[in-house]
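A.B. asks: Structure for the following, please:
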Amino acid sequence: MATKKGFRSSARSRRKARRKKIEIKKKEFSYCGLSLEELQKLTIEELLPLLPSRMRRTLKRGLTVKQDKLLRDIEKANTGDVIKTHCRDMVILPSFVGHTINIYNGKEFQRLDIQPNMIGHYLGEFALTRKAVKHTGPGVGATRSSKFMPLK
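C.D. replies: All right, here's what the predicted structure looks like:
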């Protein structure tokens, strides 16, 4: 059976696809059209128009004492150092990228490696304060009828 021009068999197109070398390009990070290096060069005032409105409003009002201390600690720290903080309401800035921060969730410190896609979020979003509920069988204080559940 002859193929018409424009119509090709599926086997022929698969062979052609195998012959082509497919190059997978790694997508480079950008935030509002700026690369990570360009973001890190910006001051907080220059970064404000790029952030979402809630974060912009938070930073316009000024940093609290705890937020200011955390910012200074991150600027002083080396990339491998771990920084502990209770400050869950701090906005993640480009200068935080690459650092490791332990965030308190109310019970323990949770380790967080800051990555570029976290810019513009709060630290507390990545250290959850609640666990998922795991229901078990009836326990102490159960009603009389549920105490006699058959064991499987």
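
A.B. asks: Show me the shaky parts of this structure.
C.D. replies: Along the chain, the parts satisfying pLDDT under 70 run over 1-8, 20-25, 138-142, 144-152.

A.B. asks: Now do the top helix by length along the chain: everything it contacts.
C.D. replies: When the chain is scanned for its longest helix (criterion: DSSP state H), the result is helix 65-76. Here helix 65-76 makes contact (Cβ atoms under 8 Å, 6 or more residues apart in numbering) with 63, 83, 85-87, 89-90, 93, 95-96, 99, 101. From N, CA and C alone the C-beta is placed, and that goes for glycine too.

A.B. asks: chain center to that helix, what's the gap?
C.D. replies: 20 Å (Cα atoms, centre = their mean, to the nearest Å).

A.B. asks: Number the chain from 16, please
C.D. replies: Understood, numbering begins at 16; the last thing we discussed is helix 80-91.

A.B. asks: Do a quick rundown of the strands in the protein.
C.D. replies: Assigned by DSSP state E, the chain shows strands spanning 97-100, 115-119, 124-128.

A.B. asks: List the residues that contact the residue nearest the centre of the chain.
C.D. replies: In the chain, the centroid-proximal residue (Cα atoms, centre = their mean) is M133; its distance is 4.5 Å. M133 makes contacts with 107, 111-112, 141, as judged by Cβ under 8 Å, 6+ apart.

A.B. asks: got those residues as TSV, with neighbour count and distance to R87 columns?
C.D. replies: Shown next, in TSV, are the contacts of M133 (neighbours: other Cβ atoms under 10 Å; distance: Cβ to Cβ, whole Å):
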residue	neighbour count	distance to R87
I107	23	16
F111	23	13
V112	19	17
F141	19	21
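
A.B. asks: Distance to L127 for those residues - can I get that in a markdown table?
C.D. replies: What follows is the contacts of M133, written out as a markdown table (distance: Cβ to Cβ, whole Å):
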| residue | distance to L127 |
| --- | --- |
| I107 | 9 |
| F111 | 10 |
| V112 | 12 |
| F141 | 5 |
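
A.B. asks: quick one: which of those residues is nearest to R72?
C.D. replies: I107 (15.8 Å; Cβ to Cβ).

A.B. asks: do you know how far K149 is from S50?
C.D. replies: Going from K149 to S50 by Cβ to Cβ, to the nearest Å gives 43 Å.

A.B. asks: if you count what's nearby, which of the two comes out ahead?
C.D. replies: Neighbours per residue (other Cβ atoms under 10 Å) separate K149 from S50, with S50 holding more: 13 against 5.
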